[in-house]
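1. give the three-dimensional model of this entry:
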Amino acid sequence: MEYIHRISSPLGNILLSGTEQALTGLWFEGQKYYASTLTSPCEEKDLPVFDDAEKWLDLYFLGQKPDFMPPLSPRGTSFQKEIWDILLTIPYGQTVTYKDIASLTAERKGLPSMSAQAVGGAVSRNPVSIIIPCHRVIGSGGSLTGYAGGLDRKEKLLALEKGSPAFF
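-> Numbers count the residues shown, from 1 in each chain. Model prediction:
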């Protein structure tokens with residue numbers, strides 16, 4: 001069974017989803033693909049995994065790099081999960097481009113190249129925003145592109161990681 005839990009954050013209300021074992025979703029209210037991987041029926045319930053996610057977010061929004069990771073189990077295709085695993089390796093406060101991820105994915109698969117657009121599609125479908133840091137992926141030349149939670153939030157998350165939490 002999947003459960004949900006609602007919390008507020010400095011960037012808006014958040015919906016969490018999870019099982020007894022792991023977090024399956026974290027969406028800003030109203031974002032693109034909001035609650036897209038929820039199974040039916042879901043009921044609201046307090047779970048230890050939601051407590052872990054909320055503690056992680058509290059530290060994060062204080063401008064600190066959390067030193068633990070809640071258990072995660074995002075739902076997606078094998079390609080999406082492969083991309084989301086790469087996102088988890090992007091260091092706090094740093095960014096990479098869609099092209100960088102495409103090149104790494106192609107190398108891992110033994111392919112001559114990989115479409116940055118395909119990577120972008122997988123990144124945009126990340127169901128565990130912030131914790132799986134899709135906001136750290138930028139366009140070539142440093143442009144802020146494509147964040148399901150909105151570019152204003154992406155800009156604020158990146159600024160927070162650079163040590164500028166005063167905008168909240």
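2. which stretches of this structure have low pLDDT?
-> For the chain, the stretches with pLDDT under 70 are 165-168.
3. which residues in it form helices?
-> Assigned by DSSP state H, the chain shows helices spanning 48-61, 78-87, 98-109, 116-124, 151-161.
4. list the helices and strands the longest one packs on?
-> I take that to be helix 48-61. strand 2-9, strand 12-18, strand 23-28 (3 or more Cβ pairs under 8 Å, 6 or more residues apart in numbering; DSSP states H and E). Just so you know, the C-beta spots here come from the backbone N, C-alpha and C atoms, and that holds for glycine as well.
5. highest average neighbour count across the ones you listed?
-> strand 23-28 (a mean of 24; mean count of other Cβ atoms under 10 Å).
6. nearest residue to the residue lying farthest from the centre of the chain in space, please, no chain neighbours.
-> Distance from the C-alpha centroid of the chain peaks at P112, with 27.8 Å (Cα atoms, centre = their mean). The shortest distance from P112 to any residue other than its chain neighbours is 6.8 Å, reached at A106 (Cβ to Cβ, 6 or more residues apart in numbering).
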